[in-house]
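Student: below are the sequence and a predicted model for it; my questions follow.
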Amino acid sequence: MPENLRSQAVTGGVQRAPNRAMLRAVGFGDGDFTKPIVGIANGYSTITPCNMGLNDLALRAIASAKEAGAMPQMFGTITISDGISMGTEGMKYSLVSRDVIADSIETVCNGQSMDGVLAVGGCDKNMPGAMIAIARMNIPAIFVYGGTIKPGHHNGKDLTVVSAFEAVGQFSAGKIDEAELNAVEQKACPGAGSCGGMFTANTMSSAFEVMGMSLPYSSTMAAEDAEKADSAAESATVVVEAIRKQLLPSQILTRKAFENAIAVIMAIGGSTNAVLHLLAISNTIGVELSLDDFETIRAKVPVLCDLKPSGKYVATDLHKAGGIPQVMKMLLEQGLLHGDALTITGQTIAEVLADIPSEPRTDQDVIRPWNNPMYAEGHLAILRGNLATEGAVAKITGVKKPQITGPARVFESEENCLDAILAGKIQAGDVIVVRYEGPKGGPGMREMLAPTSAIIGAGLGDSVGLITDGRFSGGTYGLVVGHVAPEAQVGGTIALVKEGDSITIDAKNRLLQLNVADAELEQRRAAWQAPKPRYTRGVLAKYAKLVSSSSIGAVTDLGLG
């Protein structure tokens, strides 16, 4: 079998002389046309600290791929900084960017007949976007995470960008002064790398390491440390070997790999967004996965790691404590990880973890021992009820009482909700409803980090509930329920809620219920009319037209065939 199985379509034969002429202009010589072409999908940009260091990693990968006997070809893909767009209309483009990234990588790799791809990404949609493309194409591939940011420091505490969001709530509630707010703002993000807690970027990088699509330990390395660049170089060598062996994503992204990822996400206290992204990737690769699978695994897996947003430590602390391999080994020992799942190196998970100790070191408390977890069960609960017949996702870490019944405070947008919180109009016992923020209704399913952080900052985290058909940042915690489906835009029950209605959030019993008689709901439903689309042209209009329910991953190519 030739090493350039796909790219020979553009490099082989007399008729491809014009094609080769173009390639000679970018550095190909006579001996290069039988070498495999590796796409280097580079998410580098100066838009966000998450991605500002990626070009150096891509260049290391290019040098390594050449040494391994391949012809690497770099191309760019986009990113959106959630931290910068958060709370604005621009945040509607965040989830949309996942599909734009997937489409761009697929377009270049298939348009140029590339033999494999190494994707380099940082901000949190880079990862699922790249993996959706990898799943679609099913060519040898590896993901290189740009690395986590190091924590900022102030008054003896580690800071992340979420510290700044929470400081806004603290300032508005009169708990800190403007000088303290400014100090947190200046110190929260000290350099390059993705947001430092177990937020969405670090959750997804961890998931991809568990699934075997990234190298061991790579998911928790700091962006600015030398080992991150070394790992990028090693990743290029590995993907070139995978091309030679024709080790494909479909052999790695199996049902067992997804179950492994869910187990580790529960153990590390990962982001709710992982639910949405894993559903989308599994849908693309053709693996059966549903919301119920998350609930089944949640019941078996404790939260082992004390990580922000609700915990104490950041991702670099987890790395020093043993990283994701240490967590994986603990789960493997308990029969909660599939050791025979394959990785991009050609090794099984069990082989990768062979030399990892069964219990974490005693000189650290980032990773708890099995008999002393943070929580006895996983933190991402799937709720159902008349408010979410297709399901909703609750994140219940850091919550003293995972149940509330209270009056609905209804908002048609995130901005209106945030204004009410900052003005002191939300009281203990209220259940906030933010609707028409779903995949179609937003469109784009904005993250509600600003309102949830303001609630925490105001000291209401244990006494106020919030439900939305939008999403939550990985930095969110509290009694919050997102991904409510069906969403308001398509007539889900969340569209029928009126101010003052009684709502029950009961994470313990996995219930999300509007306490209104069925007959009354039917009358409201008969009178309800769908709002006109907020956008009629451009990418948001196309997205709203194509996107599916969040309960199946909010994919945009379902049912097109």
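Tutor: Here it is on my side, so go on. All values derive from a computational prediction rather than experimental measurement. Numbering: from 1, shown residues only.

Student: where does the prediction get shaky in the stretch 201-350 of the chain?
Tutor: Counting by pLDDT under 70, the stretch 201-350 of the chain shows no low-confidence range.

Student: okay, now the unreliable bits of this protein?
Tutor: Applying pLDDT under 70 to the chain picks out no residues at all.

Student: strands of this structure, start to end?
Tutor: 37-42, 71-76, 116-121, 141-145, 152-154, 157-159, 380-385, 388-395, 403-411, 431-434, 465-468, 480-485, 502-506, 511-514 (DSSP state E).

Student: need these in a markdown table (columns: distance to Lys228 and mean neighbour count).
Tutor: C-beta here means a position set from N, CA and C on the backbone, and glycine is covered the same way. A markdown table is the format used below for the strands of the chain (distance: least, Cβ to Cβ, whole Å; neighbours: other Cβ atoms under 10 Å):
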| stretch | distance to Lys228 | mean neighbour count |
| --- | --- | --- |
| strand 37-42 | 15 | 26 |
| strand 71-76 | 18 | 20 |
| strand 116-121 | 11 | 30 |
| strand 141-145 | 8 | 32 |
| strand 152-154 | 19 | 17 |
| strand 157-159 | 20 | 18 |
| strand 380-385 | 28 | 22 |
| strand 388-395 | 28 | 24 |
| strand 403-411 | 41 | 19 |
| strand 431-434 | 37 | 26 |
| strand 465-468 | 35 | 29 |
| strand 480-485 | 31 | 28 |
| strand 502-506 | 40 | 20 |
| strand 511-514 | 41 | 21 |
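
Student: between the ones you listed, which one is nearest to Val352?
Tutor: Among the strands of the chain, the nearest to Val352 by Cβ to Cβ is strand 141-145 (14.3 Å).

Student: the closest one pairs with which strands?
Tutor: According to DSSP bridges, strand 141-145 forms sheet pairs with strand 116-121 (parallel).

Student: still on that earlier bit, for Pro357, find the nearest of the strands of the chain.
Tutor: strand 141-145 (24.2 Å).

Student: could the strands of the chain be laid out in CSV, adding distance to Leu248?
Tutor: Formatted as CSV, these follow (distance: least, Cβ to Cβ, whole Å):
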stretch, distance to Leu248
strand 37-42, 15
strand 71-76, 19
strand 116-121, 10
strand 141-145, 8
strand 152-154, 41
strand 157-159, 41
strand 380-385, 30
strand 388-395, 31
strand 403-411, 46
strand 431-434, 41
strand 465-468, 38
strand 480-485, 31
strand 502-506, 43
strand 511-514, 40
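
Student: out of the ones you listed, which gets nearest to Val314?
Tutor: strand 157-159 (5.8 Å).

Student: can you tell me what sits against the closest one?
Tutor: Pro151, Gly152, His153, Ser163, Val184, Lys187, Ala188, Gly196, Lys308, Tyr313, Val314 (Cβ atoms under 8 Å, 6 or more residues apart in numbering).

Student: ranges for the helices of the stretch 251-400 of the chain?
Tutor: 255-268, 273-285, 291-298, 315-320, 323-333, 349-352 (DSSP state H, counting those that start in this stretch).

Student: now the fourth one: buried residues?
Tutor: It stands for helix 315-320. Ala315, Thr316, Asp317, Leu318, His319 (16 or more other Cβ atoms under 10 Å).

Student: what of stretch 251-268?
Tutor: 251-254, 256-268.

Student: distance of the residue nearest the centre of the chain relative to Met86?
Tutor: The residue lying closest to the centre of the chain (Cα atoms, centre = their mean) is Thr200, at 4.1 Å. For Thr200, the distance to Met86 (Cβ to Cβ, to the nearest Å) stands at 12 Å.

Student: give me the common contacts of those two.
Tutor: Ser473.

Student: how much space between Ala507 and Val399?
Tutor: 8 Å.

Student: quick check: neighbours shared by these two?
Tutor: Leu479.

Student: so who does the residue lying closest to Ala257 once chain neighbours are set aside touch?
Tutor: The shortest distance from Ala257 to any non-neighbouring residue, by Cβ to Cβ, 6 or more residues apart in numbering, is to Met211 (4.3 Å). Residues near Met211 by Cβ under 8 Å, 6+ apart: Ile252, Leu253, Ala257, Phe258, Asn260, Ala261, Ala341.

Student: could you do Leu289 as well?
Tutor: So Leu289 contacts Arg255, Phe258, Leu278, Leu279, Ser282, Asn283 (Cβ under 8 Å, 6+ apart).

Student: neighbours of the residue nearest to Glu180 when sequence neighbours are not counted, how many?
Tutor: Of all residues not flanking Glu180 in the chain, Ala167 sits nearest, at 7.2 Å (Cβ to Cβ, 6+ apart). Using other Cβ atoms under 10 Å, Ala167 has 23 other residues around it.

Student: what sits against Ala167?
Tutor: Ile176, Glu180, Leu181, Val184, Glu185, Gly457.

Student: and Lys245, how close does it get to Gly346?
Tutor: For Lys245, the distance to Gly346 - Cβ to Cβ - is 7 Å.

Student: swap that for Asp56, sorry
Tutor: 28 Å.

Student: so these two - more neighbours on which side?
Tutor: Asp56 (18 against 14).
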